[in-house]
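Enquirer: Give me a 3D structure for the following:
(2 chains)
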Amino acid sequence: MVKTNKQGLNINWKQVRNDRLLYLLLIIPLVQILIFRYLPIAGLSISFFDYNVVGGIFSSKFTGFKWFQRLFASPNFLLLLKNSLILSLYSIVFTFPMPIILAISFNELSNKVFKKVAQTISYMPYFISVVIIVGIMNQLLSPSGGIINLFLTSLGVEPVYFMTSPNWFRFLYIFSDIWQSSGWTAIIYLAAITSISGDLYEAAEIDGAGRLQRIWHVTLPGILPTIIILFLLKVGHAMELGYEKVLLMYSPQTYEVADIFDTFVYRRGILSMDYSFATAVGLFKSVVSFILVVGANKISHKAADIGLW
Amino acid sequence: MKNIGSTLAVLFFCVCVASPMWAGGGGQSAAPAASAAPAAPAQAIDMSGSGGIQLPVSREKLTYTAMLSEQGTAPYRDSFVVFPELERRTNIHMDVTWVPDTNYNDRLSVVLASGDIPDYIANVRVPVANDLGPKGLFLNTWQYIDQMPNMKWCFENIDGWEPYKYSSSELYQLLVQCAPDSDPQGFGYWRQIPMIRLDILKDLNLSIPKTFDELYNVLTAMKKAYPNSYPWINGLDSSMGNSPLQPYIEQMLIAWNGDILSYDYHYTVYDPKTKTWAFALERPGFRELIEYVARAYREGLLDPEIAVMRGPQWEERALNDKGFFSYSYWNSSDNINLKARDLGNTKFQMMGILPPVKNGIPSVLVRQVCNSTVAISAKVKNPEMFMRYVDYWLYSKDGTMLSNAGIPEVNWKWEEPGKIYRLLDPDRPNPDNETHKEKYGVRYGNTTGLRPDHFDIHGVVDNPETNMYYQQQLIYNKKGTNPAPVVIFRDPDDADIFREVGQPIRDLVEQRLIRIVTGVDNISSYDSIVAECKRIGLDRLLTVLNKK
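Expert: Numbers count the residues shown, from 1 in each chain, chains lettered A, B, ... in the order given. You can find the predicted model right below:
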């Protein structure tokens, strides 16, 4: 429909007219992206000013890189960077593969009824609010009455202070994330698996491939483009750790492992109303995410000739 | 025809999807006084009901907007009387946005950042009001003081109001929820007070503890009698940034070494004797206080979940005999007693007590001169009229009685005309302040300015427990209270230093102290906290606080 030649863009208007309803449908999400994703980028400029809430950006004093310098000189900076990167890495290493494993497992089930029920149960936690999830965790893991500690004490073990122990924070964060999101994300992989031609499985079976071999040689290569695309998106969102959950889970006792850029921005930007500084932190985080996604996209192109762009 | 139908269907779909995006709400949206015994006013207050404000305030109906904090224990109801009655008297309609108190601070910050604020905005902290006010976000209410006779009287006659002014001719906040020193119902107003289960004390034949040593013995005895309990329960307070220490350390400290610790000032303390600021951790006695709390934790007297416990968990502990002592808001005891009775536990009696003290330290509490401040938008329409409305509502006798008790002869009546009033409720024979608040929205957070006691008017209840509670407060109040200090940064560089250094120090201190309290770190790490705070910039923080 759209071709480029030496004269530039060459749009097939006849085809556009034929597909006009599709373009009409596309307008709404495009406008939404423009308003909620692109327009707010202008607000990032306050990270270079001492933002005046009354007069707005044009009456704010230009401060250059002052807030970034303050961030890098902050005693918290290295800790925030370390915690954010570690949680991101854990999320990629442990959370990312789970939906793939789950989708493949569902695909291998022969009992259709059980498959449907299991699938439904697996994605139901996705609809539970993060506030409820953390509340459930607090109840289950309470040292004074939680079911886990009651079980431990019945075995003669001392109660474990899961929610206030730095040693358990990362595990609980990732585990609850896996529990909540794997089922929902597995739907995407299941859809990709169903698009793999059945002939390939038949041919593999005829060639004597066992179940695991069929998964390795047919299923995984078949959904590899989907895996890579989602992986690149995951890397791009690596620093988006979801501050609500961390905010609900963390406490001063776990700051050393739990405090991330998002919670720092919340405390400084929202609670302390230090808007310019908090925006600078957010911008720094976005720059890191951008570098990660561009790098990952390049590597993906080189390795598998697949990429986001 | 088919194409037109498809086109219309798609357009209809687009409108349905798009409409939520376009719909939306409107912009709805400290030099300290010296501690002293109650002082008699220098001049007589205008005892006429409106204090000189002509009613109705406006000839035509005007509408203003407000953002107020909705208390979790008394959510907004249509039966709330204050604003409808104010509207009837003044011809001014207040369009209120109620924001849950648990996330009020977040919402306030976002609203202030937008620059588009409601006309009346509650719970604006002193540093914020005096930072954004001079920049033009809030109204300088002092320029209308001559049209506000009731507020003028307060500034001229009540100790402790003057420090809230930015300068002699500038005031960017209004003081609300103010209780006079002699007000028995001002006990620990807003600040946390100690409270204990009197019924458990009776059962165990124990006395109300008066010192920290006695408190420790009482907690130990409670633990022995109830081995599955943690007698001392304390939780997070969203108005103090969910700090696991601040809610009780603040009140304990003043009874431990006399220092005043205030949430706004990041673990620096004010010494009312020398009138200077110092770092709390370098003050004599603070380390011992932390050791005291840590020992309570170690021996199972302090709940292990102090760092994560929220309101519902605190209630669960209290109602199920898993916790018997707490530093909590003054009305928590009334709330929990009511809940316990509703559940059938008629013996349950959680009661505020005089603060346990260290030997030789007078028993006082940290108390705000006024519990909170509010700000008025600089863009408010017809500010003279609005300030007259506010003056009537918050500071006149009639407005005070309305916001504290309700409509006369409907929600309250005179027991002794002009002196003593009694609350009325057709559904309850003996209503008290808490039930009245829940039902009629009186004495509710940010909707009260003064207390009736300012006009020498007192409420009476027939509840013997409540009366005993108030009697204790009278004893306490006679000893005097120490108002929390107020610091106003007039130099923007000072405010910047306060912001840059204060929050990191607070975070560090909170993190390290809770680790000591919970036994993760040894008390020997205490000194390294001070050293790290100095590296962050503690000395600069103290310099700006002590600037005259």
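Enquirer: The residue in the stretch 51-200 of chain A that chain B sits nearest to: how many residues sit nearby?
Expert: Closest to chain B within the stretch 51-200 of chain A is A:Val54: 4.3 Å, counting by CB to the nearest CB. (Glycine included, C-beta is placed from N, CA and C.) For A:Val54, the number of neighbouring residues by other CB atoms under 10 Å in any protein chain shown comes to 17.
Enquirer: what does B:Glu214 give?
Expert: 15.
Enquirer: got a list of what the closest residue to it other than its chain neighbours touches?
Expert: Leaving aside its chain neighbours, B:Glu214 sits nearest to B:Pro356 (6.6 Å; criterion: CB to CB, 6 or more residues apart in numbering or on different chains). Each residue near B:Pro356 by CB atoms under 8 Å, 6 or more residues apart in numbering or on different chains is listed here: B:Pro194, B:Pro209, B:Lys210, B:Thr211, B:Phe212, B:Glu214, B:Leu215, B:Ala255.
Enquirer: Which phi and psi values does B:Pro356 adopt?
Expert: phi -60, psi 150 (degrees, to the nearest 10).
Enquirer: if we can go back for a sec, right, and the residue of the stretch 51-200 of chain A closest to chain B touches B:Pro134 too?
Expert: No - taking contacts as CB atoms under 8 Å, A:Val54 lies outside contact range of B:Pro134: 9.6 Å.
Enquirer: any residues in contact with both of these two?
Expert: Counting by CB under 8 Å, 6+ apart, nothing touches both A:Val54 and B:Pro134.
Enquirer: Quick check: buried residues in whatever helix or strand A:Trp184 lives in?
Expert: With secondary structure defined by DSSP states H and E, A:Trp184 is part of helix A:166-194. For helix A:166-194, burial by neighbour count (16 or more other CB atoms under 10 Å in any protein chain shown) applies to A:168-170, A:172-174, A:176-178, A:180-183, A:185-190, A:192-193.
Enquirer: immediately after that helix, which helix or strand?
Expert: Counting by DSSP H and E, what follows helix A:166-194 is helix A:198-206.
Enquirer: Run the chain-centre distance for that following helix.
Expert: Centroid separation for helix A:198-206 versus its chain: 35 Å, with CA atoms, centre = their mean, to the nearest Å.
Enquirer: Of all the residues in it, which ones are buried?
Expert: Result for helix A:198-206 [16+ other CB under 10 Å]: buried residues A:Ala204.
Enquirer: what do you get for stretch B:336-355?
Expert: Buried-residue list, stretch B:336-355, by 16+ other CB under 10 Å: B:Ile336, B:Asn337, B:Leu338, B:Ala340, B:Phe348, B:Gln349, B:Met350, B:Met351, B:Gly352, B:Ile353, B:Leu354, B:Pro355.
Enquirer: Assign the last one to one of the three secondary structure states.
Expert: Look at B:Pro355: counting by DSSP: H, G, I helix; E, B strand; the rest coil, its state is coil.
Enquirer: any idea how far it is from chain A?
Expert: Between B:Pro355 and chain A the computed distance is 25 Å (CB to the nearest CB, to the nearest Å).
Enquirer: surely that residue meets B:Pro194?
Expert: Yes - contact status for B:Pro355 versus B:Pro194: in contact at 5.5 Å, counting by CB under 8 Å.
Enquirer: hey, what's in contact with both of the two?
Expert: B:Gln251.
Enquirer: Look up how far A:Asn111 lies from A:Ala296.
Expert: From A:Ala296 across to A:Asn111, the span is 38 Å (CB to CB, to the nearest Å).
Enquirer: Repeat that for B:Pro194.
Expert: 62 Å.
Enquirer: Give me the more crowded residue out of these two.
Expert: The neighbour count for B:Pro194 versus A:Asn111, taken as other CB under 10 Å, is higher for B:Pro194 (24 against 9).
Enquirer: Could you list which residues are in contact with the closest residue to chain A within the stretch 351-500 of chain B?
Expert: Closest residue of the stretch 351-500 of chain B to chain A, CB to the nearest CB: B:Arg499 (5.2 Å). For B:Arg499, the contacting residues are A:Ser272, A:Asp274, A:Phe277, by CB under 8 Å, 6+ apart.
Enquirer: Which members of those residues are positioned in helices?
Expert: Of the contacts of B:Arg499, the ones assigned to helices by DSSP state H are A:Phe277.
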